[in-house]
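Asker: Would you be able to build a 3D model of this:
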Amino acid sequence: MSDRESGKLRIAVLFGGRSVEHEVSIISALQAVQNMDTDKYIITPLYMTKDASMYVGEDIGKIESYKDIPALLARSTRVIFVHEADGVYLTPYPAKKGGLFGKKDAYSDPIPVDLVFPVVHGTNVEDGTLQGYLKTIGVPFAGCDVTPSCLGMDKYASKVILKENGVPVLDGFVYTLSDYADMEKLLDSIEKSVGYPVIIKPYDLGSSVGISVAKDRDALVESVNDAFRYARRIIAEHAITKLREINCAVLGDDTSAEASECEEPFHTADILSYADKYEGNGGTKGAKGGSTGSQGGAKSGSMATSVQRKLPADLSPEQREEVRSMAVKAFQVLGCSGVARIDFMIDEETGKLYLNELNTIPGSLAFYLFEPLGIPYKKLIDRIVDLAMKRTREDEALTFSFDTNILANASFGGVKK
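Answerer: Numbering: from 1, shown residues only. Next comes the predicted model:
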């Protein structure tokens, strides 16, 4: 029976890409693949290298293969997206030759794709770049559309929009490479605008890459230098001294959305670092009355087990509802779809709640935050797929062309009236 005759949706799970969060993406994606319903979907893991080449193959979906990526690529098939009259295909590039001495295999022929499921993190992939490419070639994809993907990654732009819509955020001050050319002036500006302690972050990265807190001018120099290693613009904002971090995910779209349970991640320094997120010893304190290394169904080695966290977070009913309702509001204000995780900050000195940032493709797809509410990982993926197909149907109902005879009147001398 062919793929088309089976009635199953053919999904390409795309991961990797030219991002400092490349490795994190691999872990997130292969974890998602393991939790997809093979009774409903025909799944093709699709790995994008750091130079943006794409590969499929027998071992692309195996985490142990990524210990030696050059060897993995050597035994895999490079592919490109091709839009044909009957749909989109992953086509071998260059084309494989058959015949008596040809090396034909299961990946020698074009692979039909009904939906791309991006599980990517960071710049060049999560920031709308990849989503724009997929939209241009005409293949449906899961998760946020182009604009909310851009906004979710641009920490400053999202601040402005959220603040305009009544969502409390800390004021942020943007500095560019031209500002960086005069370091003393830049430092003076940050000290005058923000003061100490100050948190410095790249404007468009996730996973806490390039983020640090400075408490004096010497530390500020190091923080600024580090942040500019990863981005052309950085943001400076006040660092809350007595900080509690609370995370909450949202599932849905601009029509209907629901919040997950809340968690409180713990960290070893002033902020939750990359090491805290992905290199910790694991365990979830407080989850179901104890600590678990499996997060109620997560595969071993998942990122959900790497952070020391309390789930559910120790919040009053009123605080929990405030976080969850604000998460949904932010999600819909930015026009998100699928699943996103919203990170909040509580200033314990004032009791005020602030939205920190929104992650349009969170690590592990934030599945563990929905499990306490009765939504297992497999069901979460089903919901994300359903939302993607819903958006596809809505987009297909729109008009993207306009009949005109403008070319009939065009000339090299200009366009006539």
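Asker: Mean pLDDT per helix and strand in the chain: which one sits at the bottom?
Answerer: In the chain, no helix or strand scores lower on mean pLDDT, DSSP states H and E than strand 284-285, which sits at a mean of 42.
Asker: which helix in this structure runs the most residues?
Answerer: As assigned by DSSP state H, the longest helix anywhere in the chain is helix 377-396.
Asker: what's the spacing between whichever helix or strand comes after that one and its chain's center?
Answerer: Per DSSP states H and E, the first helix or strand lying C-terminal to helix 377-396 is strand 410-411. Its chain's average C-alpha position is 45 Å from that of strand 410-411, according to C-alpha atoms, centre = their mean, to the nearest Å.
Asker: same check, this time on stretch 315-330
Answerer: With C-alpha atoms, centre = their mean, you get 22 Å for stretch 315-330.
Asker: Then stretch 342-358?
Answerer: The answer for stretch 342-358 is 21 Å, by C-alpha atoms, centre = their mean.
Asker: buried sites along it?
Answerer: 342-347, 353-358 (16 or more other C-beta atoms under 10 Å). Where C-beta positions appear, they are placed from N, C-alpha and C, glycine not excepted.
Asker: same deal with stretch 381-395?
Answerer: 381-385, 387-388, 391.
Asker: Same check on stretch 160-178?
Answerer: 161-162, 167, 169-170, 172-173, 175.
Asker: Switch those residues over to JSON lines; also include distance to E21.
Answerer: JSON lines is the format used below for the buried residues of stretch 160-178 (distance: C-beta to C-beta, whole Å):
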{"residue": "I161", "distance to E21": "24"}
{"residue": "L162", "distance to E21": "23"}
{"residue": "V167", "distance to E21": "25"}
{"residue": "V169", "distance to E21": "23"}
{"residue": "L170", "distance to E21": "23"}
{"residue": "G172", "distance to E21": "21"}
{"residue": "F173", "distance to E21": "25"}
{"residue": "Y175", "distance to E21": "23"}
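Asker: Can you flag which of those belong to strands?
Answerer: When the buried residues of stretch 160-178 are checked against strands (DSSP state E), the matches are 172-173, 175.
Asker: Reformat these as TSV; add pLDDT.
Answerer: Below are these laid out as TSV (pLDDT from 0 to 100):
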residue	pLDDT
G172	94
F173	96
Y175	97
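Asker: any chance of those residues in TSV, plus distance to S108?
Answerer: Shown next, in TSV, are these (distance: C-beta to C-beta, whole Å):
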residue	distance to S108
G172	51
F173	54
Y175	51
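Asker: Looking at the residues you listed, which one is closest to S364?
Answerer: Taking C-beta to C-beta as the measure, S364 lies nearest G172 of those, at 27.4 Å.
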